[in-house]
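Student: I would like to see how this sequence folds:
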Amino acid sequence: MPYRLVGADGAEYVSETKGTLGGHRRNRIYGRLDSAGAARWIAKGHYVKQRVFFADETTAIAAGYRPCANCLPDAYKAWKAKS
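Tutor: Numbering: from 1, shown residues only. The predicted structure follows:
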């Protein structure tokens, strides 16, 4: 089954490998696939149209996304310290 992932250039591409991180296109945030915050919004019927997936954290960062403060607090703190 092919998966649609976002590359380092921000463009979507088809991959045979499932992404390891999910994100929100409009807010430019990435996080774990089991993020409780994302799950709550998806359950309410929101967020799904803005959902994107990444192969890894390096790709998400290169595409201009920042880590989620809730599900990736250490990565978020490191990102915030650099901003």
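
Student: ranges for the helices of this protein?
Tutor: For the chain, the helices defined by DSSP state H occupy 36-43, 57-62, 73-82.

Student: got the contact list for the first one?
Tutor: Just to be clear, that refers to helix 36-43. Contacts with helix 36-43, where a contact means Cβ atoms under 8 Å, 6 or more residues apart in numbering, come from 22, 24, 31, 47-48, 51, 68, 70-71. (Glycine included, C-beta is placed from N, CA and C.)

Student: gap between His24 and Met1?
Tutor: 23 Å (Cβ to Cβ, to the nearest Å).

Student: of those two, who's got more company?
Tutor: Here His24 and Met1 are compared on neighbour count by other Cβ atoms under 10 Å; more neighbours surround His24, at 18 against 4.

Student: on the pLDDT front, check that one for me.
Tutor: At His24, the pLDDT value in this model is 92.

Student: now Ala38
Tutor: So Ala38 comes in at 83 (pLDDT).

Student: measure how buried it is and give me the count.
Tutor: 23.

Student: quick one: Ile42 from Tyr76, how far?
Tutor: Counting by Cβ to Cβ, the gap from Ile42 to Tyr76 is 21 Å.

Student: the two: who's more crowded?
Tutor: The residue with more neighbours, out of Ile42 and Tyr76, is Tyr76; 17 against 14, by other Cβ under 10 Å.

Student: that one and Pro67 touch, don't they?
Tutor: Yes. Here Tyr76 reaches Pro67: they are 4.5 Å apart, a contact under Cβ atoms under 8 Å.

Student: look at the nearest residue to Lys18 once chain neighbours are set aside and report its pLDDT.
Tutor: Using Cβ to Cβ, 6 or more residues apart in numbering and skipping the chain neighbours, the partner closest in space to Lys18 is Tyr3 (5.2 Å). Tyr3 is assigned a pLDDT of 91 by the prediction.

Student: give me the number of residues near Asp74?
Tutor: For Asp74, using other Cβ under 10 Å, the count is 8.
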